[in-house]
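J.: Quick one: sequence and predicted model below, then my questions.
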Amino acid sequence: MGQRTARKPGQALELVHEAPPAARGAGTEEAAAEKSTLAQHAYARIKDEIFEFRMAPGQRYAEQELANRLGVSRTPLRFALHVLAREGYLVRLEGHASWQVKPFELGYYEDLYDFRTQIELIAVRRLCALDPAPDLRELCAFWLVPKRQRVLDGHVVAREDERLHGTLVALAGNVEMHRTHADLTERIRIIRRLDFIAPERIVSAYEEHAKLLRALIARRSGDAELLIRAHIDASRAEIRHITLHRLSQAAARRQDPTPA
């Protein structure tokens, strides 16, 4: 029986199990669906553990240990692990049924942020020159609202922040630029979501995005470029600080695994 992934950048993992026509039947389809669900569950759980630094960078895990931890068999677990390895979150250790959370390299993410900044600068410049002007009403409906109507849930704000930046690049009209930006977004998500932990950063995000959208609507290209650069730089500085703190906490937990 073969397996393949059906996935686009930024989407959740979808696993499709294929069986030869002669072997397909109600029981086979049910078994395949169950394995797919278990693999999705394992993928989501492990990725969340990595994103929250509960599975610390550099830490090694045996497959059986992970299977016991997640309550799944090794077959769906192994498939989820291979997908996470392809995405760059895990490293398979040679000659062992064990895996390592990819060691954290802050310089790698700094490079990705530099690349992201350049793409978004091009995007806002193009948006201000487009004729007719792009439709930004959907983005404005979330970010240009009275303070009492703002969403304060960090997870929601993080998702909408991604959507705003991705939409602006998409509206710029370059398909390859949008594809590259989507890939960058996926790769920096592990640290980018840390930007919306503190309430003051959520407030800043609303204010910065509102100024940017107004500059785009007014077709002020110079202002839009300054604002997008300042916004990304502020986000990067906050993330750098929080990430170093999280890494320090994770290292302390490895040295003293006893629950507090």
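T.: Received, thanks.
J.: buried set for stretch 219-229?
T.: Applying a neighbour-count criterion of 16 or more other C-beta atoms under 10 Å, one finds 221, 223, 224, 225, 226, 227, 228 buried in stretch 219-229. Backbone N, C-alpha and C define where each C-beta goes, glycine included.
J.: got the contact list for the third one?
T.: Contact analysis of residue 224 by C-beta atoms under 8 Å, 6 or more residues apart in numbering lists 124, 125, 127, 128, 212, 215, 216.
J.: what two of these are the furthest from one another?
T.: Based on C-beta to C-beta, the longest span within those runs between 125 and 212 and measures 12.9 Å.
J.: out of these two, which sits in the more crowded spot?
T.: Each of residue 125 and residue 212 has its neighbours counted (other C-beta atoms under 10 Å); residue 212 has more, 26 against 15.
J.: wait, that one sits on residue 228?
T.: Yes: using C-beta atoms under 8 Å, residue 212 is in contact with residue 228, at 6.1 Å.
J.: and for the two, which residues touch both?
T.: With C-beta under 8 Å, 6+ apart as the test, residue 212 and residue 228 both reach residue 124.
J.: got a list of what residue 206 touches?
T.: With contact taken as C-beta under 8 Å, 6+ apart, residue 206 is in contact with 143, 150.
J.: secondary structure element for it?
T.: With elements taken from DSSP states H and E, the one containing residue 206 is helix 199-217.
J.: which of the residues in that helix are buried?
T.: Buried residues in helix 199-217, counted by 16+ other C-beta under 10 Å: 201-202, 204-206, 208-209, 211-217.
J.: can you list those residues in a markdown table and add distance to residue 186 and pLDDT?
T.: Formatted as a markdown table, the buried residues of helix 199-217 follow (distance: C-beta to C-beta, whole Å; pLDDT from 0 to 100):
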| residue | distance to residue 186 | pLDDT |
| --- | --- | --- |
| 201 | 21 | 89 |
| 202 | 22 | 93 |
| 204 | 24 | 94 |
| 205 | 20 | 94 |
| 206 | 24 | 97 |
| 208 | 23 | 96 |
| 209 | 21 | 97 |
| 211 | 27 | 98 |
| 212 | 22 | 98 |
| 213 | 24 | 98 |
| 214 | 29 | 98 |
| 215 | 27 | 98 |
| 216 | 25 | 98 |
| 217 | 29 | 97 |
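J.: could I have stretch 151-170 exported to PDB, CA atoms only?
T.: Extracted C-alpha coordinates of stretch 151-170, given in PDB (Å, rounded to 0.1, in the frame of the first residue of the first chain):
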ATOM      1  CA  VAL A 151      -9.500  40.700  19.000                       C
ATOM      2  CA  LEU A 152      -7.100  40.100  21.900                       C
ATOM      3  CA  ASP A 153      -6.600  36.300  21.400                       C
ATOM      4  CA  GLY A 154      -2.900  35.900  20.400                       C
ATOM      5  CA  HIS A 155      -3.500  32.800  18.300                       C
ATOM      6  CA  VAL A 156      -6.200  34.600  16.200                       C
ATOM      7  CA  VAL A 157      -4.100  37.700  15.800                       C
ATOM      8  CA  ALA A 158      -1.100  35.600  14.700                       C
ATOM      9  CA  ARG A 159      -3.300  33.900  12.100                       C
ATOM     10  CA  GLU A 160      -4.700  37.200  10.800                       C
ATOM     11  CA  ASP A 161      -1.200  38.700  10.800                       C
ATOM     12  CA  GLU A 162       0.000  35.900   8.500                       C
ATOM     13  CA  ARG A 163      -3.100  36.400   6.300                       C
ATOM     14  CA  LEU A 164      -2.500  40.100   5.900                       C
ATOM     15  CA  HIS A 165       1.100  39.800   4.800                       C
ATOM     16  CA  GLY A 166       0.300  36.800   2.600                       C
ATOM     17  CA  THR A 167      -2.600  38.700   1.000                       C
ATOM     18  CA  LEU A 168      -0.500  41.800   0.300                       C
ATOM     19  CA  VAL A 169       2.100  39.700  -1.500                       C
ATOM     20  CA  ALA A 170      -0.600  37.800  -3.400                       C
END
